[in-house]
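Visitor: what's the 3D shape of this:
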Amino acid sequence: MIPLNEITTLRALWRHPEWKRLSKEFLKDKSCVWCGAKAGDTYIDRKGKERRVGLSPHHVKKHKWGLKLYRQVNNKLFSAYWDVNKENHGYALTLGLYESEIRKQVKFLWSEDNREVITSRFEQTKKEILADYINFKEGKIIPFCGRCHFAREKGLIICPVCKKNYVKPRNKTCRECKAKEEGLG
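Guide: Numbers count the residues shown, from 1 in each chain. Okay, the predicted model is just below:
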């Protein structure tokens, strides 16, 4: 079995027995922070089927992963380079380019020349993110039931009035609560 600190992917982390144990320990005697459901409670889904509630840890700070993370690292490193070498970047470019075109071309050439540095920093950033995911601290991780976790991943929040339905953050309440409020329900 690979030690937890040597895991290199989120999928492998979430399947690792030690992470499952830490997760279970963290969730013990807790309920969903949004709807208040506890592990083992039941609810009726939209199709009328009875389901059992399961809790999972949700990281408050969402991290990029994969290609998005690689691009983020590349952009950060290039921006630091560009701030210092904007006027004298050392690359031979075609004359008559706009400033944005120059930056884009230099970024492409710089990224090709510094692939090893970018990859090294990318791997280091991945390790930092994985270490953050292993760290079960109260402020960094909150317990969510499956429904609330799914809604949060989709960018929704729980209705502050009924604590049952989910709404887009720009809405004050769900449709049902709004109808009751207006006297239509």
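Visitor: how far away is the spatially most central residue of the chain from residue 10?
Guide: Compute the mean C-alpha point of the chain, and by C-alpha atoms, centre = their mean the closest residue is residue 62, 2.6 Å away. For residue 62, the distance to residue 10 equals 12 Å [C-beta to C-beta, to the nearest Å]. In this view, the C-beta of every residue, glycine as well, is placed from N, C-alpha and C.
Visitor: output the below-cut-off pLDDT ranges for this protein.
Guide: Where the chain drops to pLDDT under 70, the residues are 1, 184-185.
Visitor: residue farthest from the centroid of it?
Guide: What lies farthest from the middle of the chain is residue 95; by C-alpha atoms, centre = their mean that is 42.0 Å.
Visitor: and that one, how close does it get to residue 102?
Guide: 10 Å.
Visitor: swap in residue 176?
Guide: Per C-beta to C-beta, residue 176 is found 55 Å from residue 102.
Visitor: what of residue 68?
Guide: Applying C-beta to C-beta to residue 68 and residue 102 gives a distance of 25 Å.
Visitor: for the protein, what spans make up the helices?
Guide: All helices of the chain, identified by DSSP state H, fall at 10-15, 17-27, 67-85, 99-113, 115-134, 146-153, 175-182.
Visitor: ok, which of these comes nearest residue 42?
Guide: helix 146-153 (12.3 Å; C-beta to C-beta).
Visitor: and that closest one, how far out from the chain's middle?
Guide: On the basis of C-alpha atoms, centre = their mean, to the nearest Å, the separation between the geometric centre of helix 146-153 and that of its chain is 12 Å.
Visitor: so what touches that helix?
Guide: For helix 146-153, the surrounding residues in contact (C-beta atoms under 8 Å, 6 or more residues apart in numbering) are 32-35, 37, 43, 53-56, 58, 144, 157-158, 166.
Visitor: what comes up buried for it?
Guide: 146-149, 151-152 (16 or more other C-beta atoms under 10 Å).
Visitor: dump those residues to CSV, plus distance to residue 21.
Guide: Shown next, in CSV, are these (distance: C-beta to C-beta, whole Å):
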residue, distance to residue 21
146, 20
147, 24
148, 23
149, 20
151, 27
152, 24
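Visitor: ok, those vs residue 87, which is closest?
Guide: Nearest to residue 87 out of those is residue 152 (C-beta to C-beta; 45.3 Å).
Visitor: what's the most distant pair in the buried residues of helix 146-153?
Guide: Maximum distance among the buried residues of helix 146-153 (C-beta to C-beta): 10.8 Å, for 146 and 152.
Visitor: nearest to residue 115 among the buried residues of helix 146-153?
Guide: Using C-beta to C-beta, the buried residues of helix 146-153 come closest to residue 115 at residue 152, 35.6 Å.
Visitor: what domains does the record give for the chain?
Guide: Per automatic domain parsing, the structural domains of the chain span 1-60+139-154, 67-136, 160-185.
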